[in-house]
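1. A structural model of the following input is requested.
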Amino acid sequence: MSSAAAPETMSRPSIDPEEVEKFSRIAAEWWDPESKFKPLHKFNPVRLGFIRDTICAHFNRSGERPFEGLRVLDIGCGGGLVSEPMSRLGAAVTGVDAAEANIKTATVHAQEQGLEIDYRHGVAEQLLEENEPPFDVVLNLEVMEHVADPHSFLVDCARLVKPGGLMIGATINRTPKAFALAIFGAEYVLGWLPRGTHRFEKLVRPSELRAALSEGGMDVRPPVGVSYNPLSDQWRIGSDASVNYMMVAEKAG
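-> Got it, this is the predicted structure:
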């Protein structure tokens, strides 16, 4: 998620003003691995590996720049921690965020890296209203739990995927275990994230994600768990989707 959106967008499913303001306050810290985004920096390599492998398998791609010719939308792009790797893999990347401060941070950093990324301050609904051509891949990562109406938001995002394309979603499950580890443990005990980063009632269950994407015309695969091992201080892909999970959906042709 990302700074304050224009007033006319405030009633839209993608806009929760409190969430936008929350991320705007810490936008400058996105690329500091020791900042409040430290957990995301640790989590990112596993997430990126899964995204790369999934897209390469689906589109039968390989090589150093396997995403050449693919249009990728990173919705809720934040400071660009995923948009930049997608660009380096060859994709034409559009990064959209509701927080203007995040977009400014992402734009400056991409320019410093010599990357051409189409960053826009806005929301999914605006892309639809502007008749944006659909994308080969829509990345919906750690954002759906921060919007006002997750179901409507996800249905809109599904409309942005071209037939035969993919959406990859990542979020936190709404379970007692997720509350204990991802909210109470991570925010209040360990201090990995600022307190209040996540609200339990806004977390999205896999069944809810599946229902929204199915309504949007997508075939949804089972969730894939992402778990943290405190002994090795590493994240890994596995079968336990009770806390963090990712889901892949394909738009029907």
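2. Sketch out the strands for the stretch 151-253 of the chain, chain order is fine.
-> 161-172, 218-220, 224-229, 234-238, 244-251 (DSSP state E, counting those that start in this stretch).
3. count of residues packed around the nearest residue in space to G238 that is not next to it in sequence?
-> Spatial nearest neighbour of G238, chain neighbours left out: G225 (4.8 Å); criterion: CB to CB, 6 or more residues apart in numbering. Yep, even glycine has a C-beta here, placed from its N, CA and C like the rest. A total of 16 residues lie near G225 under the criterion other CB atoms under 10 Å.
4. wait, isn't G225 in contact with P206?
-> No - using CB atoms under 8 Å, G225 is not in contact with P206; the gap is 10.1 Å.
5. Quick check: neighbours shared by these two?
-> A241, Y245 (CB atoms under 8 Å, 6 or more residues apart in numbering).
6. What's opposite the residue nearest to G238 in the beta bridge?
-> When assigned by DSSP bridges, G225 has beta-bridge partners G238, Y245.
7. OK, contacts around Y119?
-> Counting by CB under 8 Å, 6+ apart, Y119 touches C77, G80, S83, T94, G95, V96, D97, I103, A106, T107, A110.
8. Now do the closest residue in space to the second one that isn't next to it in sequence against S35, distance only.
-> Counting by CB to CB, 6+ apart, A106 is the residue found nearest to G80 once chain neighbours are left out, at 3.6 Å. A106 sits 15 Å away from S35, going by CB to CB, to the nearest Å.
9. The two: which has the busier surroundings?
-> A106 (26 against 13).
10. Against N140, how distant is that one?
-> A106 sits 17 Å away from N140, taking CB to CB as the criterion.
11. Quick check: longest helix in the chain by residues?
-> helix 38-59 (DSSP state H).
12. how far out from the middle of the chain is that helix?
-> 11 Å (CA atoms, centre = their mean, to the nearest Å).
13. Most neighbours among the contacts of Y119, please name it.
-> That'd be D97 among the contacts of Y119, by other CB under 10 Å, with 34 neighbours.
14. thinking that one is in contact with C77, fair?
-> Yes - judged on CB under 8 Å, D97 makes contact with C77 at a distance of 5.0 Å.
15. got any ranges where this protein has weak pLDDT?
-> Scanning the chain for pLDDT under 70 picks out 1-16, 19-20, 22-27, 182-198.
16. now do 80
-> Along the chain, the model assigns pLDDT under 80 to residues 1-28, 35-40, 179, 181-201, 228-233, 253.
17. Centroid-nearest residue for it?
-> Closest residue to the average C-alpha location of the chain: L141 at 1.6 Å, with CA atoms, centre = their mean.
18. who's in contact with that one?
-> By CB under 8 Å, 6+ apart, the neighbours of L141 are R47, D74, G76, V82, I168, G169, A170.
19. Which parts of the chain are helices?
-> Under DSSP H, the chain gives helices at 17-24, 38-59, 83-88, 100-112, 124-129, 150-159, 176-178, 206-215.
20. Tell me the buried residues in the third one?
-> Right, the one you point to is helix 83-88. Within helix 83-88, the residues that count as buried by 16 or more other CB atoms under 10 Å are S83, E84, P85, M86, S87.
21. My read is that the third one contacts L48, right?
-> It refers to P85. Yes - P85 is within contact range of L48, at 5.4 Å (criterion: CB under 8 Å).
22. A148 versus G216, what's the distance?
-> In terms of CB to CB, G216 sits 18 Å off from A148.
23. So between these two, which is more surrounded?
-> Shown here are G216 and A148; by other CB under 10 Å, G216 has more neighbours (21 against 17).
24. where's that one relative to F59, distance?
-> G216 is 20 Å from F59, by CB to CB.
25. what about stretch 78-97, start to end distance?
-> Stretch 78-97 has an end-to-end distance of 6 Å (CA to CA, to the nearest Å).
26. typo on my end, it should be stretch 213-225
-> 19 Å.
27. Please compute how far stretch 142-154 lies from its chain's middle.
-> The answer for stretch 142-154 is 10 Å, by CA atoms, centre = their mean.
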